[in-house]
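> would you be able to build a 3D model of this:
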Amino acid sequence: MTPEELNEARTNPDFLKYIKEKEKESLDNKDIAQLYEVLDTLLVLDLNDENRINKVYEEILKISFDKIQERLQKKEKLSLDTEDIYFIRSFYEHAVEKWSVDDYNGAKELFFILTRIVEDEFLIDIFNIHFINTSKNIDMDKFYEDVDMEKEPLKESYGYFISNFNFDTKEYLNSNISLITEEYEKLKHLLN
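Next comes the predicted model:
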């Protein structure tokens, strides 16, 4: 979107009314895909309405936590090929949010759960890298030093996640396997 198009969208009463209606509809229907569409639109428009953004995001988290809890109880995995991607995305974003305020333990627990409920091997490796860093209490700034910002995600669906690094991921995971095993043992109660 060009700056002119963005400004027009911000000031177009019909568009703003449409977004408001879409927001109400998605909140009423608890439709996570629509909620993310509304959230992303609100963030792009940058309307400085933090309460509105927080309300939509909180509903996304509530829906996701409920769905993930159901899946854990049924021992079912989440797929990137269904609406599950929104549950994975919100759980991931919440983990990153915790990490950004130095809640290493909270972030580590969420990354651990993601490694256990996602069926995509590439993402499991990526979440394990995050898990290792939060287990070691490495702050996000230090973590970002190893992120390859130039490289495109392997798949479009990976674009929601920090997935490219300046090191060999398999080698990194292998060198930290004892930490992963030890920490998994401490956290396995979260899956019950």
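> what's the longest helix in this structure?
In the chain, assigned by DSSP state H, the helix with the most residues is helix 50-74.
> could you list the buried residues of that helix?
52-53, 56-57, 59-60, 63-64, 67-68, 71 (16 or more other C-beta atoms under 10 Å). All C-beta spots, glycine's among them, are computed from the backbone N, C-alpha and C.
> what's the answer for stretch 33-46, then?
34-39, 41-42, 45.
> could you export it as CSV, CA atoms only?
The C-alpha coordinates for stretch 33-46 follow below in CSV (Å, rounded to 0.1, in the frame of the first residue of the first chain):
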residue,chain,number,x,y,z
ALA,A,33,-9.3,-15.9,10.6
GLN,A,34,-11.5,-12.8,10.4
LEU,A,35,-10.2,-11.6,13.7
TYR,A,36,-6.7,-11.7,12.4
GLU,A,37,-7.8,-10.0,9.2
VAL,A,38,-9.3,-7.2,11.4
LEU,A,39,-6.3,-7.1,13.6
ASP,A,40,-3.8,-6.9,10.7
THR,A,41,-5.9,-4.1,9.1
LEU,A,42,-6.1,-2.1,12.3
LEU,A,43,-2.3,-2.4,12.8
VAL,A,44,-1.6,-1.4,9.2
LEU,A,45,-4.0,1.6,9.4
ASP,A,46,-2.3,2.6,12.7
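> contact partners of it?
1, 6, 9-10, 19, 22-23, 25-27, 49, 52-53, 56-57, 59-60, 63, 83, 86, 89-90 (C-beta atoms under 8 Å, 6 or more residues apart in numbering).
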